[in-house]
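Colleague: output the structure for:
(2 chains)
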Amino acid sequence: MKRLLPVLLIGVVGVLIALPWIAGPTLIQFAINALMLATLAQGWNIIGGFAGYASFGNSIFFGLGSYGVAIAMVQWNLPFGVGLAVGVVFSVVFALAMGVPVLRLRGHYFAIATLALSQVMSAIFSNLDIAGRNIGLVLPLLRSDTLFYELSLALLIVATLIVFWLSRSRFGFGLIAIRENEDAAQSMGVNTTRYKVLAFTLAGILSSLAGGIHAYWITFIDPNSAFDLSLNVKMIIMAVFGGPGSVLGPVIGAALLSGVSELLSSTLSSVASLFFGLVIVIAVILMPKGLTDCWLKFPVSRWHYFIHNIRQYRL
Amino acid sequence: MTTPILSLKNISKRFGGLLAVNGVHVDIMPGETVGLIGPNGAGKTTLVSLISGTLTPTTGDILFQGKNITALPAFERARLGIGRTFQIMKPFPGLSVLDNVAVGALYGTTTTNKSLSQARDEAMEWLRRMDLHLKAEQRADELGGPDRKRLELAKAMAMKPTLLLLDEVMAGLNLVEIDEVIDAIKVVRETGISILVIEHMMKVIQSLSDRLLVLHHGQQIMAGTPQEVLNDPRVIEAYLGKRRV
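Modeller: Coordinates of the predicted model:
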């Protein structure tokens, strides 16, 4: 299995790269969305899965990335690439400025504070002339789903490689120590503040790039769609469902849940989201550490795996 | 005259109306094991937190190897060589026993980038010395009482500290287990580092310390050899009551 995994991964990536020349436009549009969600889930994985800080502020970075591209292209007539860089600069500044105070909070307080920040950002952009106030901005049209698809795929691969590096680096190990016990990590020499802010920034850069690509693809943004909280909820669900703190879990979670959600909404429509919620509740109860953990341990302990989880997390 | 590893100069800590630590002076010399005793609420754990940097003193200075560290945050003190264990054990519950210790080897006094496998090798070495190597792959929260204490020791020692603060390591252990952990602490002491032991149990303090300090209501009321201290009437009254140990 260990030997097979790299071969399998290279095969999957190869097929994904070739997909625009194989599949139809509907599938490609679905895939662009799924790749974007996977990148966001992977970004959330860094701050939420590794460092253990359940951020509801990652959609802010998505929004900043979207506005970076939109403002650069529409207001300043700059090329798309520069727009992405502008978005990244917005996100880094935000992560450094807000990360320091907000990351002092722990647990629920951190979640609530980031939730509030996201509302504040939406309100601020609704009142900025340069961002088109609450009407939004219309970007130049570029009809090339293949380009957006390949860009999204490249970004997801970069994000996953970063997380892979994290999983075997001193920095990543420090983040895990913070998640497991922040006081102990601090007393063992981990510069917790710096690590948390760096993780927040790294997650922010990835989310921002995803937002920038999305804005140019969709060609229209307004404060509500750019700072959409449900997007943040989606990335958390996908990362947690797949396996927070693992390398491939968030990607697998995003792929599976995007697929299920697409199938359900096209056949069942209104009851789809209800069913979707049910699946997630059951998944969280039976396999709180995600699909990857289940995949590794189910063959050994069989059904006891689920019983053990229910007991261990006192549900 | 050698410089002390640690000196506390007139350290006080106030929590609102409570003066938890009141004008304490302590010098710990290289290689020395100092015991700190005192009744509940005497300010022992507060003093440890002040040394490790979890708390900052209201007044006074803390010198580590002659350098003033009063304003340094906890992680920088750990990097300088102050390791500690917690009275309420703080393992990394979801990590394996080996990885718990590897965090110490990866951080602690090492500031250069070290590979994970190298850190795990060093961690394994300390697990062997603490007799925990057979449980290296277990999750830390699956360990029982004395093993958890050994894990705390291994984690702190993997940091390669020059001063180790042991905050009531024996709490919750039975007599047999206490002997086991005393042996483990003796292994640590043989490395030649300085140790500050906080303990309730006289037996532990007597068998480990070169020198004893007694805190009462945040004030240091006595210092000396274990024999002197435990026979002092003030200590007996404040700490041991009327009963002799």
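Colleague: contacts, neighbours, all on C-alpha from now
Modeller: Fine.
Colleague: let me see the ranges of the strands in the chain.
Modeller: Picked chain A for this. A:137-138, A:220-221 (DSSP state E).
Colleague: hmm, no, I was thinking of chain B.
Modeller: Under DSSP E, chain B gives strands at B:6-15, B:18-28, B:33-37, B:59-64, B:67-68, B:82-84, B:163-167, B:194-198, B:211-216, B:219-224.
Colleague: burial-wise, tell me which of the ones you listed comes out on top.
Modeller: Most buried of those, by mean neighbour count (mean count of other Cα atoms under 10 Å in any protein chain shown): strand B:82-84, with a mean of 30.
Colleague: so which residue of chain B comes closest to chain A?
Modeller: At 4.0 Å from chain A, B:F75 is the closest residue in chain B, using Cα to the nearest Cα.
Colleague: who touches stretch B:195-205?
Modeller: B:31-39, B:44-45, B:163-170, B:178, B:182, B:189, B:209, B:226, B:245 (Cα atoms under 8 Å, 6 or more residues apart in numbering or on different chains).
Colleague: okay, how far is it across it, tip to tip?
Modeller: End-to-end distance for stretch B:195-205, by Cα to Cα, to the nearest Å: 12 Å.
Colleague: and for the residue of chain B closest to chain A, the neighbour number?
Modeller: If you count neighbours by other Cα atoms under 10 Å in any protein chain shown, B:F75 ends up with 27.
Colleague: pull up the per-residue confidence for B:Y239.
Modeller: Note on B:Y239: pLDDT of 66.
Colleague: I meant B:M1, not that one.
Modeller: pLDDT, B:M1: 62.
Colleague: on that earlier part again, ok, which of the strands of chain A comes nearest chain B?
Modeller: Checking the strands of chain A against chain B by Cα to the nearest Cα gives strand A:220-221 as the closest, at 41.7 Å.
Colleague: contacting residues around residue 90?
Modeller: No chain specified, so I'll use chain A. Remark: with contacts taken as Cα under 8 Å, 6+ apart, A:F90 is in contact with A:L64, A:G65, A:G68.
Colleague: could you do chain B instead?
Modeller: B:K90 sits next to A:N181, A:D183, A:A184, B:E152 when contact means Cα under 8 Å, 6+ apart.
Colleague: same thing with B:G83?
Modeller: B:G83 neighbours (Cα under 8 Å, 6+ apart): A:S187, A:M188, B:S52, B:G108, B:A156, B:M157, B:M159, B:P161, B:T162, B:L163, B:L164, B:L165.
Colleague: the same query, at a cut-off of 7 Å, please.
Modeller: Applying Cα atoms under 7 Å, 6 or more residues apart in numbering or on different chains to B:G83 gives the contacts A:M188, B:A156, B:M159, B:P161, B:L163, B:L164, B:L165.
Colleague: partner residues bridging B:R84?
Modeller: B:L165 (DSSP bridges).
Colleague: chain B - how does it break down into domains?
Modeller: B:1-41+B:59-72+B:210-245, B:83-161 (automatic domain parsing).
Colleague: turn the contacts of A:F90 into CSV, columns for pLDDT, distance to chain B and neighbour count.
Modeller: Output for the contacts of A:F90, formatted as CSV (pLDDT from 0 to 100; distance: Cα to the nearest Cα, whole Å; neighbours: other Cα atoms under 10 Å in any protein chain shown):
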residue, pLDDT, distance to chain B, neighbour count
A:L64, 97, 33, 32
A:G65, 97, 32, 34
A:G68, 96, 35, 28
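Colleague: in TSV, list the residues you listed along with distance to A:R194.
Modeller: Output for the contacts of A:F90, formatted as TSV (distance: Cα to Cα, whole Å):
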residue	distance to A:R194
A:L64	22
A:G65	23
A:G68	26
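Colleague: out of the residues you listed, the closest to B:K67 would be?
Modeller: Relative to B:K67, the closest of the contacts of A:F90 is A:L64; by Cα to Cα it sits at 45.2 Å.
Colleague: just give the number of residues close to the closest residue to that closest one other than its chain neighbours.
Modeller: Residue nearest to A:L64 in three dimensions, not counting chain neighbours: A:G87, with 5.7 Å by Cα to Cα, 6 or more residues apart in numbering or on different chains. A:G87 has 31 neighbouring residues, counting by other Cα under 10 Å.
Colleague: pLDDT wise, what is A:G87 at?
Modeller: Reported pLDDT for A:G87: 97.
Colleague: and B:K155, by the same measure?
Modeller: 92.
Colleague: tell me the contacts of the nearest residue to it once chain neighbours are set aside?
Modeller: Using Cα to Cα, 6+ apart and skipping the chain neighbours, the partner closest in space to B:K155 is B:V101 (4.3 Å). Contacts for B:V101 (Cα under 7 Å, 6+ apart) come out as B:A123, B:A154, B:K155, B:A158.
Colleague: could you redo those residues as CSV and give each row neighbour count?
Modeller: Formatted as CSV, these follow (neighbours: other Cα atoms under 10 Å in any protein chain shown):
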residue, neighbour count
B:A123, 28
B:A154, 31
B:K155, 30
B:A158, 28
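Colleague: tell me which of those residues fall in helices.
Modeller: B:A123, B:A154, B:K155, B:A158 (DSSP state H).
Colleague: which residues of chain B score low on pLDDT?
Modeller: Along chain B, segments meeting pLDDT under 70 span B:1, B:111, B:239-245.
Colleague: what does it put close to chain A?
Modeller: B:74-76, B:78-79, B:83, B:90, B:92-94, B:104, B:106-108, B:116, B:159 (Cα under 7 Å from any Cα of the partner chain).
Colleague: write the PyMOL selection for whichever of the residues you listed are buried.
Modeller: Of the residues of chain B next to chain A, the buried ones go into a single PyMOL selection, burial set by 16 or more other Cα atoms under 10 Å in any protein chain shown:
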select buried, chain B and resi 74+75+76+78+79+83+90+92+93+94+104+106+107+108+116+159
